[in-house]
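Q: take a look and give me a structure for this.
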Amino acid sequence: MRLLVARCSVTYEGRLGAHLAPGVRLVLLKADGSIAIHSDSKAYKPLNWMSPPCAVVHRDGTILATNPKGESLEITLHEVLHDTAVELGDDPGLDKDGPEAELQQLLAARVAALRDDLVLVRREFPTDIGPIDLLCRDGDGRAVVIEVKRVGEIAGVEQLLRYQERLDRDPQFSPTTGMLVAQQIKPQARVYAQSKGVACIEVDLAQLRGDSDADLKLF
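A: Below you'll find the model as predicted:
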């Protein structure tokens with residue numbers, strides 16, 4: 001991974017146009033080909049990014065990333081303050097603890113309990129912003145992105161939508177549908193999820209541990 005701190009400006013061209021005026025930012029260039037541009041605020045969300053697969057070309061004072069969809073991200077470096085590269089190696093992945101991890105494991109073994117036409121593609125499906133809890137296909141072959149939480153809140157819905165946005169860039173998965181699964185889903189999260197077309201399912205962990213089909217509640 002290359003970490004570049006620079007005063008830079010950024011121009012994105014693709015589904016829409018976007019421009020960042022000159023400012024000091026952190027640019028992450030990862031070994032998988034992705035680029036993320038961060039400020040010293042906005043929490044963990046990048047200001048702009050380019051997901052793999054993309055081609056990255058370094059020219060004098062610029063970094064240009066393009067992808068097969070015709071999108072481009074051009075970073076103009078006005079002043080480089082820090083530039084370093086670190087070899088991170090293979091990551092072992094995230095191991096969740098407690099009821100949420102158990103819930104995810106149980107659902108991976110019986111995704112048809114959520115909907116009878118679902119087939120598991122992979123648990124912990126990797127993306128550049130983190131692993132998707134469960135990636136499935138429905139009876140029509142459509143990709144279903146499932147986020148598993150102990151308590152479903154608005155933050156969980158937003159996380160799910162970010163995963164969908166990433167997969168919707170890939171023709172082999174687009175268009176995706178989303179599903180939030182939790183032992184309890186807060187009313188505000190349910191309303192927000194419904195406004196975004198995300199299905200909400202509450203599950204009983206104790207029943208999932210048993211032999212009979214869980215009594216799931218679909219909203």
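Q: who touches the closest residue to residue 22 other than its chain neighbours in this structure?
A: Spatial nearest neighbour of residue 22, chain neighbours left out: residue 9 (4.6 Å); criterion: CB to CB, 6 or more residues apart in numbering. To be clear about C-beta, it is placed using only N, CA and C from the backbone, and glycine gets the same treatment. Neighbouring residues of residue 9 by CB atoms under 8 Å, 6 or more residues apart in numbering: 19-23, 75-76, 78.
Q: try it again at 6 Å.
A: By CB atoms under 6 Å, 6 or more residues apart in numbering, the contact set of residue 9 is 20, 22, 76.
Q: also residue 151?
A: By CB under 6 Å, 6+ apart, the residues touching residue 151 are 182, 184.
Q: what's the residue nearest to residue 22 sitting at in phi/psi?
A: Note on residue 9: its backbone torsions stand at phi -120, psi 150 [degrees, to the nearest 10].
Q: so which strand or helix has residue 166?
A: Using DSSP states H and E, residue 166 sits within helix 154-167.
Q: cool, residue 82 as well?
A: Going by DSSP H and E, residue 82 is part of strand 72-85.
Q: rewinding a little: the helix or strand following the helix holding residue 166 relative to helix 154-167, how many degrees between them?
A: Counting by DSSP H and E, the next helix or strand C-terminal to helix 154-167 is strand 177-185. Angle, strand 177-185 to helix 154-167, by axes from the mean of the first three to the mean of the last three CA atoms, to 10 degrees: 160 degrees.
Q: tell me, what's the model's pLDDT at residue 92?
A: pLDDT, residue 92: 64.
Q: what's the answer for residue 218, then?
A: 46.
Q: same question, residue 43
A: Reported pLDDT at residue 43 in the predicted model: 60.
Q: and residue 141, how many neighbours?
A: Taking other CB atoms under 10 Å as the criterion, the count of residues near residue 141 is 7.
Q: let me know the secondary structure of it.
A: For residue 141, the secondary structure call by DSSP: H, G, I helix; E, B strand; the rest coil comes out as coil.
Q: returning to what we had before: which of the contacts of residue 9 count as buried?
A: Burial by neighbour count, 16 or more other CB atoms under 10 Å: within the contacts of residue 9 this picks out 20, 76.
Q: could I get the contacts of residue 9 as CSV with distance to residue 205?
A: As requested, those are exported to CSV (distance: CB to CB, whole Å):
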residue, distance to residue 205
20, 44
22, 51
76, 52
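Q: distance of the spatially most central residue of the chain from residue 127?
A: By CA atoms, centre = their mean, the chain has its centre lying nearest to residue 163, at 3.0 Å. For residue 163, the distance to residue 127 (CB to CB, to the nearest Å) stands at 6 Å.
Q: please apply the same query to residue 84.
A: For residue 84, the distance to residue 127 equals 25 Å [CB to CB].
Q: and those two? Which one has more around it.
A: Using other CB under 10 Å, the more surrounded residue of residue 84 and residue 127 is residue 127, with 18 against 9.
Q: correct me, but the more buried one touches residue 166?
A: Yes: taking CB atoms under 6 Å as the definition, residue 127 is a contact partner of residue 166 at 4.9 Å.
Q: could you chop this structure up by domain?
A: 2-85, 99-218 (automatic domain parsing).
Q: deepest-packed of those domains, please.
A: domain 99-218 (a mean of 17; mean count of other CB atoms under 10 Å).
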